[in-house]
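Colleague: Mind folding the following:
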Amino acid sequence: MKTITKRQFRLLLTLSILALVLSTVAGFLDSWLLPQALLDYQRSQHGVRTGMGEFVVDLLSIPGVVAAVLSVVGLYRFWPSARWLSVAAWAYMLLWMCFTPAPALSNAVTASLSHCSTLLAGVVLGVVFFSPAADLFRKHELTAT
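Modeller: Next up, the predicted model:
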């Protein structure tokens, strides 16, 4: 099996993060890219369900974001625990997303970039667990000679 270099892995991880950042930026283009009916619906829902429950759900996103940022730093630095932290952050955020009370609307550009980011993140996880690059994340023991 062909091995991947550290530089190639970091490039793949960077592309995944770039796609996520670009999808977030594209989300700000809703006023130009969403049909008027969806814009009207989005505006009508703004501030409707604000309360303690929504505040708590919003606060519960913080551990997932912190874990995700730490895992990305760890993946760049090839920390052994970063692989499992990445999986834990993904699982946490997927679970958290199920409980967010606000409707999820996105334009086509945002959705495309988000799916691209998800695909690349899946490739990253596949590489760090199921390829020869997984050896980059194992602790290397020093041998005494």
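
Colleague: In contact with residue 116, which residues?
Modeller: Neighbouring residues of residue 116 by CB atoms under 8 Å, 6 or more residues apart in numbering: 19, 23. From N, CA and C alone the C-beta is placed, and that goes for glycine too.

Colleague: Next one: it relative to residue 21, how far apart?
Modeller: Relative to residue 21, residue 116 is positioned 12 Å away (CB to CB, to the nearest Å).

Colleague: Domain-wise, how is the chain divided?
Modeller: For the chain, automatic domain parsing gives the domain ranges 1-47+108-135, 50-101.

Colleague: would you list those domains in CSV and tack on mean pLDDT?
Modeller: Putting these into CSV (pLDDT from 0 to 100) gives the following:
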stretch, mean pLDDT
domain 1-47+108-135, 91
domain 50-101, 91
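
Colleague: Could I get the full set of helices for this protein?
Modeller: Listed in chain order, the helices of the chain (DSSP state H) span 6-27, 30-33, 36-45, 52-59, 61-77, 82-98, 108-130.

Colleague: is it possible to export these to JSON lines including distance to residue 136?
Modeller: Output for those, formatted as JSON lines (distance: least, CB to CB, whole Å):
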{"stretch": "helix 6-27", "distance to residue 136": "6"}
{"stretch": "helix 30-33", "distance to residue 136": "40"}
{"stretch": "helix 36-45", "distance to residue 136": "44"}
{"stretch": "helix 52-59", "distance to residue 136": "35"}
{"stretch": "helix 61-77", "distance to residue 136": "10"}
{"stretch": "helix 82-98", "distance to residue 136": "10"}
{"stretch": "helix 108-130", "distance to residue 136": "8"}
